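S.K.: Sharing a sequence plus its predicted fold:
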Amino acid sequence: MVLLKLTIAGFLIGLSAMASIALGDSSSRPNVLLIAVDDLRPELGCYGVEEIQTPNLDQLASESILFERAYCQQAVCNPSRVSMLTGMRPDSTKVWDLVTQFRKVTSDLITLPQYFKQNGYTALGYGKIFHNPWPDNQSWSEPHRWPAGRRLWSQEARDELLAVKTQLRNEGLPDRQVNRLRATAVEQVDLRDDEHIDGAIAQQAIDSLSDLAKQSGPFFLAAGFVRPHLPFVVPRQYWDQYDRNQISLALNPHPPGNAPSFALNTMYELRDYHDFRTTPLPSDRSLTESQQRELKHGYYASVSFVDAQIGKLLGKLESLGLRENTIVVLWGDHGWKLGEHRSWCKQTNYEIDTRVPLMISVPSVKKRDQRIVGKTAAIVESIDLYPTLCDLVGLPVPDQSEGRILTALLENPDLEWDHPAVSQFPRRDASGGLMGYALRTDRYRYIEWLNRQTCETVATELYDHQNNDYENDNLIDVAADPLVVSTLKKHLWSTIPRPLAGDLVKPIPVIDPESTERTEMTWRNLRDHPVEIFLLQPKAERALKGTVQPDSILVIEAIRGQVYQAGDQGRHIEAVRDRQLNRLLPRIESSDQNIDNAGKN
């Protein structure tokens, strides 16, 4: 049974009071604390996973409505975060990858913290809220700043990486492969929590709370933790909470039967760490049991480490007397595979990648020490957070929002709620690319793959959660009722607009017409034939800027913000060379990947 510590009627009166406040004096509106955690799947005590230790998240869940079936829009950092923070799907933001800056392609969007800032809130963000390279200072009352002087790997791990790189170069491995490598994917370090980057992020937010407590107006504070994103490098005490040999391994360590090969990820993210650089594709074979236990141990230790930082932040909120007037949201940007489908990392359309933890803790206006608590099995989406938070504080929901207001579920977690979730993920193939769309209903996951150029359907998948929650077998050709499939297909394309030819082509970023800042863009050609470099501009023909010969470089004088393309198949990039860092971003590498933009997840 769902326990309600606050009556629904009382809560509705509270919301009405919030709305009236929003139309007048903003000083009495509730605060918002948004806690974002990277790569956090619902592998927590409050989600029924007993072997992981997350006492602070479990306590927050006991004071919240916990959403058991919440889903992100795309299972990778940049698109997922842009969708949540704009309330819009990736097809609307035009952000489908890790290298697109949303302001460059959809410059008129108003983000969630930006909207609150425009309506009288002090909006501050620390850590990873937006994707790492673009903290989007336009959204905040003060410029975003990462903690200075914090460490991650030990010096021993860094020295080991240098030795490995030297060895691989001596063996003839190309520089482009050697330079991608990082230090170890897992390491136990002897650091205090606040010496670690995530501990320092927590301290930034804690210090900010002390300042915010002294002001009269409301605040929107966002704290984004990087762990449990790779690498799993956290203080030793969190590793010591687990016995590696007692950690259970994935129950479905094999790819989905009858699924298209391109539906799986490649796990390139894991191969970027030198100790896992020979990781096989999930379609080929599994990691060894020792590797699986090491990675899962590291993931669990990282989650417990972040749980401790969140506990410190919530403790400070409480001690300052701010908890009673603060809406607290805990959100994970996407899931993460721990050996399921013989795979690791994210970047698929499956349940394990798209399902995320979500908790919303709402104070009562009438009784500040009480909150609605319980769980709901309703299917919700990350894009629902934007309109829901607006509704909770009484702000009008902006027209750009494509999500649903979840207030009714906060009032009644058992409410009948017949709405699906839609996630998507792109893939590269010989045709130029695919886009897969996943519809998650109460019973089914239906996935339809479209050619990105023509938007014609090229493959479908169907998984029945009534009979198998692990999505082990694609039933589309072997056990699917044609009526079920046709109904799900209609449901998908009535939930979101079906894209038309040209809709999924990556847009050319908008150039600031006032920009005159000169920079240099250096291209290095690692192919065996010459490549032409073109300048691209919206609504204009390509302009040939030069030809870079094999094993040579070409330096182009550019204006910061201009967009260039290598050959006919190049990916769009921004001229962002930093003279101080002498950073050479674009490199022409191979026929199927024209530019290595050094974009990381």
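M.R.: Good, I have the coordinates. The structure presented is a predicted model; accordingly, all values stated were derived computationally and were not measured. Residues are numbered from 1 along each chain as shown.

S.K.: gap between the residue positioned nearest the centre of the chain and residue 293?
M.R.: With distances taken as C-alpha atoms, centre = their mean, the chain has residue 77 as the residue nearest its mean C-alpha position (2.8 Å). Separation of residue 77 from residue 293 (C-beta to C-beta, to the nearest Å): 26 Å. To be clear about C-beta, it is placed using only N, CA and C from the backbone, and glycine gets the same treatment.

S.K.: same thing with residue 180?
M.R.: Taking C-beta to C-beta, one finds residue 180 at 26 Å from residue 293.

S.K.: re earlier: and the residue nearest to the centre of the chain, what does it touch?
M.R.: Listed by C-beta atoms under 8 Å, 6 or more residues apart in numbering, the contact set of residue 77 reads 38, 98, 128, 131-132, 333-334, 601.

S.K.: again, only this time at 10 Å
M.R.: With contact taken as C-beta atoms under 10 Å, 6 or more residues apart in numbering, residue 77 is in contact with 38-39, 98, 128, 130-132, 229, 333-334, 346, 600-601.

S.K.: And the furthest pair within those residues?
M.R.: Spanning the widest gap among the contacts of residue 77 are 130 and 346, at 17.7 Å by C-beta to C-beta.

S.K.: Comparing the two, which residue is more hemmed in?
M.R.: Using other C-beta atoms under 10 Å, the more surrounded residue of residue 130 and residue 346 is residue 346, with 28 against 25.

S.K.: quick one: the strands in the stretch 51-200 of the chain?
M.R.: 65-71, 122-127, 186-189 (DSSP state E, counting those that start in this stretch).

S.K.: Would you mind identifying the next helix or strand past the helix or strand of the chain with the lowest mean pLDDT?
M.R.: None of the helices or strands of the chain scores lower by mean pLDDT, DSSP states H and E than helix 8-23, at a mean of 39. Sequence order places strand 31-37 as the next helix or strand after helix 8-23, per DSSP states H and E.

S.K.: strands paired with that next one, and their directions?
M.R.: Taking DSSP bridges as the criterion, strand 31-37 forms sheet pairs with strand 219-225 (parallel), strand 326-332 (parallel).

S.K.: Now do the first one: distance to the chain's middle.
M.R.: Same thing as strand 219-225. Centroid displacement of strand 219-225 relative to its chain, using C-alpha atoms, centre = their mean, to the nearest Å, is 15 Å.

S.K.: Give the other helices and strands that the helix or strand following it contacts.
M.R.: Once the chain leaves strand 219-225, the next helix or strand it forms, by DSSP H and E, is strand 232-235. Under the contact definition 3 or more C-beta pairs under 10 Å, 6 or more residues apart in numbering; DSSP states H and E, strand 232-235 sits against strand 186-189, helix 197-212, helix 289-319.

S.K.: And the next helix or strand past strand 232-235?
M.R.: Downstream of strand 232-235, the first helix or strand assigned by DSSP H and E is helix 236-239.

S.K.: got the CA coordinates for that next one in PDB?
M.R.: Extracted in PDB, the C-alpha atoms of helix 236-239 (Å, rounded to 0.1, in the frame of the first residue of the first chain):
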ATOM      1  CA  ARG A 236      39.400   3.200  -0.800                       C
ATOM      2  CA  GLN A 237      36.900   3.200   2.000                       C
ATOM      3  CA  TYR A 238      34.000   2.800  -0.500                       C
ATOM      4  CA  TRP A 239      35.600  -0.200  -2.200                       C
END
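
S.K.: Give me the buried positions along it.
M.R.: Within helix 236-239, the residues that count as buried by 16 or more other C-beta atoms under 10 Å are 237-239.

S.K.: contacts for that helix?
M.R.: Residues outside helix 236-239 that contact it (C-beta under 10 Å, 6+ apart): 53, 186-193, 227, 232, 297-298, 300-308.

S.K.: Below-threshold pLDDT in the stretch 351-500 of the chain: ranges please.
M.R.: Where the stretch 351-500 of the chain drops to pLDDT under 70, the residues are 364-369, 430.

S.K.: residue ranges of the helices in it, please?
M.R.: For the stretch 351-500 of the chain, the helices defined by DSSP state H, counting those that start in this stretch occupy 351-354, 385-393, 407-411, 482-495.

S.K.: Out of those, which gets nearest to residue 318?
M.R.: Nearest to residue 318, of all those, is helix 385-393, at 20.0 Å by C-beta to C-beta.

S.K.: which parts of that closest one are buried?
M.R.: Neighbour-count burial for helix 385-393, counted by 16+ other C-beta under 10 Å, picks out 385-393.

S.K.: Rebuild those as a markdown table, extending it with distance to residue 521.
M.R.: Output for these, formatted as a markdown table (distance: C-beta to C-beta, whole Å):
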| residue | distance to residue 521 |
| --- | --- |
| 385 | 38 |
| 386 | 36 |
| 387 | 41 |
| 388 | 43 |
| 389 | 40 |
| 390 | 41 |
| 391 | 46 |
| 392 | 46 |
| 393 | 44 |
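
S.K.: from those, which is closest to residue 163?
M.R.: After measuring the buried residues of helix 385-393 against residue 163 - C-beta to C-beta - the closest member comes out as residue 385, at 45.3 Å.

S.K.: Report the contact partners of that closest one.
M.R.: 34, 70, 83-85, 87, 112, 329, 331, 358, 360, 403, 406.

S.K.: so where's the stretch 1-150 of the chain uncertain?
M.R.: 1-27.

S.K.: Now do the helices in it.
M.R.: 8-23, 55-62, 77-86, 90-93, 102-105, 112-118.
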